[in-house]
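K.L.:
Okay, predicted coordinates and the sequence, questions at the end:
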Amino acid sequence: MVDPIQAAQKVAEEMGLDQEERPPAWIPEPDDLLVGEVVSLQKGWSNQSEEYYPILVVRPKETEELVSVHAFRFILKDRLMTLRPQPGEIIGIRFKGMSETKSKRPLALYSVAIEGRSVDIYSQIDDPRRPTRKSTKTPLVDQQELTEEEDDDIPF
């Protein structure tokens, strides 16, 4: 299993950042809960996944010392990208611990909530009755309008 402290340090090195440029990383243990105000949003780069991920700077309610939440883990990133927390909002992040995927890859489990907001899960589910992208199928009939005379041969 990867040491979370080394992982956070490696990410900071990959991004070319000195630790003094942002608050220290929040490195949770299983069942740790972080509740606080989102102070700022930044983006980080992961050489491993070769994509950007969100970094939240949070002021925890219990300590008032700023921490950086690096959302390079899949579930945490997904939740943040869905909720899109903004500066000034109160966020709660719980690290539930590690699990593994069906293919035995490690998976970090998180839950995330923002005070006063709920997630619209319906917008995240594809509705087969509602087209979401242009169809590549050839239409059965030409798109030109039918005249009444042409319409008369329809058997119903």
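P.N.:
Thanks, I have it.
K.L.:
S49 versus G97, what's the distance?
P.N.:
21 Å (Cβ to Cβ, to the nearest Å). Heads up, the C-betas are built off the backbone N, CA and C, glycines and all.
K.L.:
In terms of packing, which of these two has more residues around it?
P.N.:
More crowded of G97 and S49, by other Cβ atoms under 10 Å: G97, with 14 against 11.
K.L.:
How about the more buried one: what's its closest non-neighbour residue?
P.N.:
P30 (3.5 Å; Cβ to Cβ, 6 or more residues apart in numbering).
K.L.:
is it true that that neighbour touches A108?
P.N.:
No. Taking contacts as Cβ atoms under 8 Å, P30 lies outside contact range of A108: 9.9 Å.
K.L.:
Identify the contacts common to those two.
P.N.:
Common contacts of P30 and A108 (Cβ atoms under 8 Å, 6 or more residues apart in numbering): 95, 97-98.
K.L.:
where do the strands sit along the protein?
P.N.:
Using DSSP state E, the strands of the chain run over residues 33-46, 51-60, 67-70, 90-100, 106-114.
K.L.:
re the thing from before, quick one: which of P30 and A108 has more around it?
P.N.:
The residue with more neighbours, out of P30 and A108, is A108; 18 against 11, by other Cβ under 10 Å.
K.L.:
so that one bridges to which residues?
P.N.:
With DSSP bridges applied, A108 shows beta-bridge pairing to M98.
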